[in-house]
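Q: mind folding the following:
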Amino acid sequence: MAPWFLWHALSSTARLSTVLQILVFLPLTLSTLSTSAFLLLSLLLFLHSLIHGTLVLFWGSPALSIMQVPMHPFLLLVCFNAFSEGVHPWLTMAASWWGRILHWSSPGFIVMEGMSSLLVAQRLGQVGKELVEEGEGYQFGLLVAAAAAYVASAWWIVVAYPAAAASPLSSTLLGVALTSLIFLTFIGFAMRRTNVIESSCLALIVAYNVWLCGVDDALVLDQALSYTPLLSNILPHLQTLANFVSNTLPKPVLFALVYRLVVMHFASRILPTIGADSWEDESGVDNGWEGRPTSKLTHLLLTYRQSIFVTVYSHLLLLDHSSQVWWRWMNIFFTLAIWSVELLVSNEDDAVTKKWKVD
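A: Below is the predicted model:
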C-alpha cells in the first residue's frame, strides 16, 4: 500500500508541476521576449502534449506524467535560446502560422464554451429536479440556492456595469442580453421546459461574461518587479520571484481559462449520458457506455486534455482586451440563442425531455 501511495503522490505532484509550468512559462515568454517567442513556445508545448497524449492513449503508463516534467523547462530554454540572437525564418513562419490558427479558432472556442456551459446548467437542473423528488427539505434548499444565485448574478452585473457598459453600444448589448435572459426564463417557465436551477445557472453565466467584458488586466510588468539575479540572501530573491509571477499571470485570463476548462470537462462527462435510451439504466445501455460514440469522444478529449489546455490558454493570452470583449458578447448571445432553440424544440412527450425538464 505504501509504495502505491508514494507512486500516486509522485504522479499527482508531477501533473500539478506540469500545469504550473505551463501557467507560468507562457505569459513569462510573452512579457519578457515577444509575441513570436510566445507563439513558438506555445507551438512546442502543443506538439509535446500531442506526443504525450498519444503515448498515454497507446501505452497508458503513469510514469509518463513524471517523465514529461523536465520537457517544459527544456522547451522554454530552447525558445529563449532561439530568440537570443538571430531568429531562423522557419521558426518565425511557424510561430506566425500558429498565431493565425489560434485566431481562426476563436469561433470554435466560443461555440464549445457556450454549449458546454448550457449543458452543465441543464445537467444541474436535472440533478436538482431529481433531488426535489426526494423530499421537501431538498426542495427548500434548492429554492434558497437558486434565489441566492439570482441575487448573486444581479449583484455581479450591477458591480460590473460601470466598466462593462462604458460605451453606448456595450450598454445596449447588455440591455438586450438581460432582456433576452428574462424573457427566455419566463417562456421556459410558462412552457414547463426549464426550472429555477437551470435558469439561475444561466443568469450566473451571463453575469460572469458581463464581468469579464469590463475587466482589463493587461499583461504589463513593472520594471521594479522584474527578475533579478540570485543574491546572497535567498529570501529577497524568492520574494522578487513571487512578485514577478503574481504580476505576470493575468488574473482575468486565469478566470476565463479555469471556467472554460471546467465546463468543457463536465460537458465531456455529461455527453455520454445523453441519448434516447440513456435513462433506462444508471449504467447506460447494456450496462456500460464504452460502445457509445460520445463515450469514445470523451475518452479522446480527456486523453488530449493537456493539448486543449495549452491551446485554450495560448488563445486567451493572445487576444487583446477589445477582442476578448467582443468574443464575450458573442458568447453571451450564442448561449442564449442555443437555450432559446432548445426551449422551443423540446418535445414534452419525449422521455429525455421529461427527465431533464419540469414535469
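Q: would you confirm that residue 132 contacts residue 141?
A: No. With contact defined as C-beta atoms under 8 Å, residue 132 does not count as touching residue 141 (9.6 Å). All C-beta spots, glycine's among them, are computed from the backbone N, C-alpha and C.
Q: those two: which has the busier surroundings?
A: Shown here are residue 132 and residue 141; by other C-beta atoms under 10 Å, residue 132 has more neighbours (19 against 14).
Q: the spatially most central residue of the chain: which element?
A: In the chain, the residue lying closest to the centroid (C-alpha atoms, centre = their mean) is residue 260, at 1.4 Å. Using DSSP states H and E, residue 260 maps to helix 251-270.
Q: let's see that helix as PDB, backbone CA atoms only.
A: Extracted C-alpha coordinates of helix 251-270, given in PDB (Å, rounded to 0.1, in the frame of the first residue of the first chain):
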ATOM      1  CA  LYS A 251      -6.000  37.300 -13.500                       C
ATOM      2  CA  PRO A 252      -9.000  37.600 -15.900                       C
ATOM      3  CA  VAL A 253      -7.300  35.200 -18.300                       C
ATOM      4  CA  LEU A 254      -6.800  32.700 -15.500                       C
ATOM      5  CA  PHE A 255     -10.500  33.000 -14.500                       C
ATOM      6  CA  ALA A 256     -11.600  32.500 -18.200                       C
ATOM      7  CA  LEU A 257      -9.100  29.600 -18.500                       C
ATOM      8  CA  VAL A 258     -10.400  27.800 -15.400                       C
ATOM      9  CA  TYR A 259     -14.000  28.400 -16.300                       C
ATOM     10  CA  ARG A 260     -13.700  27.200 -19.900                       C
ATOM     11  CA  LEU A 261     -11.700  24.100 -19.000                       C
ATOM     12  CA  VAL A 262     -14.100  23.200 -16.100                       C
ATOM     13  CA  VAL A 263     -17.300  23.500 -18.200                       C
ATOM     14  CA  MET A 264     -15.700  21.600 -21.100                       C
ATOM     15  CA  HIS A 265     -14.600  18.800 -18.700                       C
ATOM     16  CA  PHE A 266     -18.000  18.500 -17.200                       C
ATOM     17  CA  ALA A 267     -19.700  18.600 -20.600                       C
ATOM     18  CA  SER A 268     -17.500  15.800 -21.800                       C
ATOM     19  CA  ARG A 269     -18.600  13.800 -18.800                       C
ATOM     20  CA  ILE A 270     -22.300  14.600 -19.400                       C
END
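Q: now find how far off-centre it is within its chain.
A: Relative to the centre of its chain, helix 251-270 is centred 2 Å away, using C-alpha atoms, centre = their mean, to the nearest Å.
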